[in-house]
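>>> Predicted structure and sequence below. I'll ask about it afterward.
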Amino acid sequence: MTLKQIKNKPFVKFITNRYVMILAIFFVWMVFFDENSWVNHREFDKEIDKLKSEKEYYQSQIDSDKAFINKHNDKEELEKFAREQYKMKKENEEIYIIEYDTILEK
């Protein structure tokens with residue numbers, strides 16, 4: 001096949017058309033190289049999804065903390081929490097802490 005025969009093929013004529021070439025260059029530029037390219041949009045969409053999941057996580061943490069605060073607004077519940085977690089006591093009271101040995105001897 002000679003070069004003249006290759007140039008006369010319909011597909012080659014279509015590809016070498018100047019408008020098609022300009023359109024192809026424009027398309028490649030917009031997809032990969034432009035500031036607002038498709039690649040940048042994909043990265044931003046992933047970042048948005050990540051931030052949304054973080055927002056949901058922190059919102060659930062806030063809700064659980066609010067429930068914890070509401071539960072401990074009662075004086076008796078607050079006293080129970082302080083005794084269990086921080087081993088606090090009343091003035092005329094004694095507390096005995098029992099620790100279990102977790103190492104098994106043979």
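Structure received.

>>> Could you pull out the helices in the chain for me?
Assigned by DSSP state H, the helices in the chain fall at 3-7, 10-15, 18-28, 38-71, 75-86.

>>> Switch those helices over to CSV; also include mean neighbour count.
Every residue, glycine included, has its C-beta placed from N, CA and C. Shown next, in CSV, are the helices of the chain (neighbours: other C-beta atoms under 10 Å):
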stretch, mean neighbour count
helix 3-7, 9
helix 10-15, 10
helix 18-28, 10
helix 38-71, 10
helix 75-86, 11
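
>>> Please produce JSON lines containing these, extended by distance to residue 92 and mean pLDDT.
Formatted as JSON lines, the helices of the chain follow (distance: least, C-beta to C-beta, whole Å; pLDDT from 0 to 100):
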{"stretch": "helix 3-7", "distance to residue 92": "105", "mean pLDDT": "78"}
{"stretch": "helix 10-15", "distance to residue 92": "96", "mean pLDDT": "81"}
{"stretch": "helix 18-28", "distance to residue 92": "83", "mean pLDDT": "90"}
{"stretch": "helix 38-71", "distance to residue 92": "28", "mean pLDDT": "94"}
{"stretch": "helix 75-86", "distance to residue 92": "15", "mean pLDDT": "84"}
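
>>> need those helices in CSV with distance to residue 99, can you?
Listed next are the helices of the chain as CSV, based on distance: least, C-beta to C-beta, whole Å:
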stretch, distance to residue 99
helix 3-7, 89
helix 10-15, 81
helix 18-28, 70
helix 38-71, 27
helix 75-86, 15
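
>>> Looking at the ones you listed, spot the one closest to residue 100.
helix 75-86 (16.6 Å; C-beta to C-beta).

>>> got the angle for that closest one vs helix 38-71?
Angle, helix 75-86 to helix 38-71, by axes from the mean of the first three to the mean of the last three C-alpha atoms, to 10 degrees: 110 degrees.
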